[in-house]
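Asker: here is my input, please return the structure:
(chains A and B)
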Amino acid sequence: MADSDPAIVVEGLRKTYRDKQALAGLDLTVPQGTVHAVLGPNGAGKTTCVRILATLLRHDGGRAEVAGYDVLRDPDEVRYRIGLVGQHAAVDEELSGRQNLEMFGRLYHLGGRRAAARADELLERFGLAGTGTKAVGRYSGGMRRRLDLAASLIMRPRILFLDEPTTGLDPRGRTEVWNAVRSLVDGGTTVLLTTQYLEEADQLADRVCVIDGGRAIADGTADELKARLGGDRIEVVLRDAGQLTAAASVVAGATGAAEVATDPDRRRLGARVTDRVAVLTETVRALAAAGIEAEDIVLRRPTLDEVFLHLTGEPSTADTAMTDTAGEETLV
Amino acid sequence: MTTATLIDSWTMTRRGLAHWARQPVQVAVQLVFPVMMLVMFAYFLGGGMTVPGGGDYKEYLVPGTFALTMVFGLEGTMLAITQDLNKGVIDRFRSMPMARSAVLVGRSALDMLQSALGLLVLLGVGLAMGWRWHGGPGDALLAVGLLLWLRFAMLWLGIFLGMAAGRPEMVQAVQILVWPLGFLSNVFASPETMPGWLGAVAVWNPMSATATAIRELFGGPGGGGDSWAADHAQLLAVCWPLALIAVFLPAAVRRYGRLSR
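Answerer: Okay, the predicted model is just below:
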């Protein structure tokens, strides 16, 4: 594979389980050394896509190449070049971390001594050196995920698949995984990451592919996608509903927003904004100068629901409700 | 079988041995269970039992328990396979460039080892209870070979059923069903004492063939009989497991390959 060849090529990928179509012609190209996030709700086809690329599942239509090898024709060539971190830690919970890593090293045919040395290295690197003989079943969620990541890196794979790597982790565990991924990317590893969280894609990925109903519906950098969404949203709640009209024109002036929505029943107005911090200070200052008293001012990131609303013009087709991950930042 | 397959299978067997080392109590319980059965039948019920053609009931019972233990090994295999396939670790095995068959071959080596150990313990307890083999050492070894052959057939049946069951809860049904199937044989009582048609089924039970064959080889009572199946017990003790293996080994391997559908 030449340096300019993409690490992953997916063309018209289709997969149908008994009666449910999981992938309906997915296209995706990931250049080497980049981080690509596949963003979508539950049931969008993210996991199916990763399982096909990791040779765990056979597709029924289209083409998938990883590291220059067709996943159906040369699965073992693919397997030597990839690492997989799934939604559930793929390690033996009855064994210790060291026993796990040694076992996987042997199965990669490193031989006993090299497998043991590599296990030591990885335990050290992921802060698991002190775990001794403790069974993985007694690890915390974050530790288990780190061990899973370590197991995926035994062969120093050029391509790493992360299927919702932080689902079910507490904020600390999430930060741990993010940091580990960042240091890998610095080493030149290509990463394909699936996530339900816009923020995660934003933090880690060079490019984001939004999928829904087994198809890519948008592809671009996080900034490009956000720009298409019209950026963040500012919301102001007033003490006095009577000042709503006056406040709307003040906010329009301060933010440069073309349109300000008002809701008299809840004494609330809202507008799309682009420059987060400047807009916030300017709005606070302008409202104070006009003598309008605000009860609350909130700057909100777009939620994944809004991404879908914007991209598809209708709510997502996911069967489960999406998690609203956009943290609200309240001021005043 | 290539070298890589052997090495990978050995790694998988070692994984099982490491599990044993972490669960010594569980391993001990599995070894003690057939001993318990043997003691219960010999001393609680044995007093009321008569052996067709005469002879000591213990001499009849001990080889029968050997055969039963081989068949009951089915549950353990099934449970281990369903548990393994439901764990995330199987995904890692399948995403690695290891020999495809190693997971199953490693499992079979481990279960055979456990059954051989179980048999050894049971032989010791049998000897302590007064059971003896009367034939030569060659015949005794042949008997042990036939027992492990039956276990090997149950192994592949168990792997197949374990994959077909899918979930560990389904294994419970099999754990209950092996009891009537185990007792519908000549392991504890002669089929001659059962209602006609049930007795006929019991005579043809693969477990009965192995039990009768090893009773003959050990030179104890209960060998032979007046049916074709009983007269050809050694032949059947080879052919029954062979037939089961011929069906369920390829079926299990095929089923494992289909995990990627």
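
Asker: A:Cys117: neighbour count?
Answerer: Just to correct that, residue A:117 is Ala rather than Cys. 14 (other C-beta atoms under 10 Å in any protein chain shown). Every residue, glycine included, has its C-beta placed from N, CA and C.

Asker: what about the closest residue in space to A:Val210 that isn't next to it in sequence, neighbour count?
Answerer: In this structure, A:Val210 finds its nearest non-sequential neighbour in A:Ala218, 4.2 Å apart by C-beta to C-beta, 6 or more residues apart in numbering or on different chains. Here the number of neighbours of A:Ala218 (other C-beta under 10 Å) works out to 18.

Asker: the helix or strand where A:Ala218 lies: how far from the chain's middle?
Answerer: Using DSSP states H and E, A:Ala218 falls within strand A:215-220. When distances are taken as C-alpha atoms, centre = their mean, to the nearest Å, strand A:215-220 is centred 14 Å away from the chain's centroid.

Asker: buried stuff in it?
Answerer: Neighbour-count burial for strand A:215-220 flags A:215-216, A:218-219 (criterion: 16 or more other C-beta atoms under 10 Å in any protein chain shown).

Asker: with respect to B:Leu249, which of the residues you listed is nearest?
Answerer: A:Arg215 (42.1 Å; C-beta to C-beta).

Asker: who touches the closest one in this structure?
Answerer: For A:Arg215, the contacting residues are A:23-26, A:45, by C-beta atoms under 8 Å, 6 or more residues apart in numbering or on different chains.

Asker: just give me the neighbour total for the residue of the stretch 151-261 of chain B found nearest chain A.
Answerer: Sorted by distance to chain A under C-beta to the nearest C-beta, the residues of the stretch 151-261 of chain B start with B:Ser260, at 5.0 Å. Each residue near B:Ser260 was counted by other C-beta under 10 Å, and the total is 15.

Asker: got the contact list for the closest residue to it other than its chain neighbours?
Answerer: Among residues not flanking B:Ser260 along the chain, A:Arg58 sits closest, at 5.0 Å (C-beta to C-beta, 6+ apart). By C-beta under 8 Å, 6+ apart, the residues touching A:Arg58 are A:52, A:72, B:260-261.

Asker: those residues of chain B touching chain A, which are they?
Answerer: With C-beta under 8 Å from any C-beta of the partner chain as the criterion, chain B meets chain A at residues B:4, B:7-8, B:11, B:14-15, B:18-19, B:22-23, B:87-98, B:102, B:260-261.

Asker: re earlier: out of the contacts of A:Arg215, which one sits closest to chain B?
Answerer: A:Leu23 (14.4 Å).

Asker: if I look at that closest one, how far off is A:Val136?
Answerer: According to C-beta to C-beta, to the nearest Å, A:Leu23 and A:Val136 sit 32 Å apart.

Asker: circling back to that earlier point, quick one, phi psi at the residue nearest to B:Ser260?
Answerer: The phi and psi values for A:Arg58, taken as degrees, to the nearest 10, are phi -100, psi 130.

Asker: check the one 5 residues further on too.
Answerer: Taking degrees, to the nearest 10, you get phi -140, psi 140 for the backbone angles of A:Arg63.

Asker: and the pLDDT at it?
Answerer: You'll see A:Arg63 listed with a pLDDT of 96.

Asker: give the bridge partners for it, please.
Answerer: Using DSSP bridges, the bridge partners assigned to A:Arg63 are A:Glu11.

Asker: what about the strands in the stretch 101-250 of chain A?
Answerer: Assigned by DSSP state E, counting those that start in this stretch, the stretch 101-250 of chain A shows strands spanning A:159-163, A:190-195, A:207-212, A:215-220, A:232-238.

Asker: got those as CSV, with distance to B:Arg107 columns?
Answerer: Output for those, formatted as CSV (distance: least, C-beta to C-beta, whole Å):
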stretch, distance to B:Arg107
strand A:159-163, 27
strand A:190-195, 32
strand A:207-212, 37
strand A:215-220, 40
strand A:232-238, 55
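
Asker: ok, of those strands, where does mean pLDDT dip lowest?
Answerer: strand A:232-238 (a mean of 86).

Asker: picking that back up, between the strands of the stretch 101-250 of chain A, which gets nearest to A:Asp5?
Answerer: Per C-beta to C-beta, nearest to A:Asp5 of the strands of the stretch 101-250 of chain A: strand A:190-195, 11.2 Å.

Asker: how about the helices in the stretch 51-200 of chain A?
Answerer: A:75-81, A:97-107, A:112-125, A:141-152, A:171-186, A:198-204 (DSSP state H, counting those that start in this stretch).

Asker: poorly predicted segments of chain A, please.
Answerer: A:227, A:229-231, A:276, A:303-309, A:312-332 (pLDDT under 70).

Asker: could you pick out the residues of it near chain B for me?
Answerer: Checking chain A against chain B by C-beta under 8 Å from any C-beta, the hits are A:54-58, A:76, A:79-80, A:82, A:84, A:86, A:88-95, A:99, A:103-104, A:106-109, A:135, A:151.
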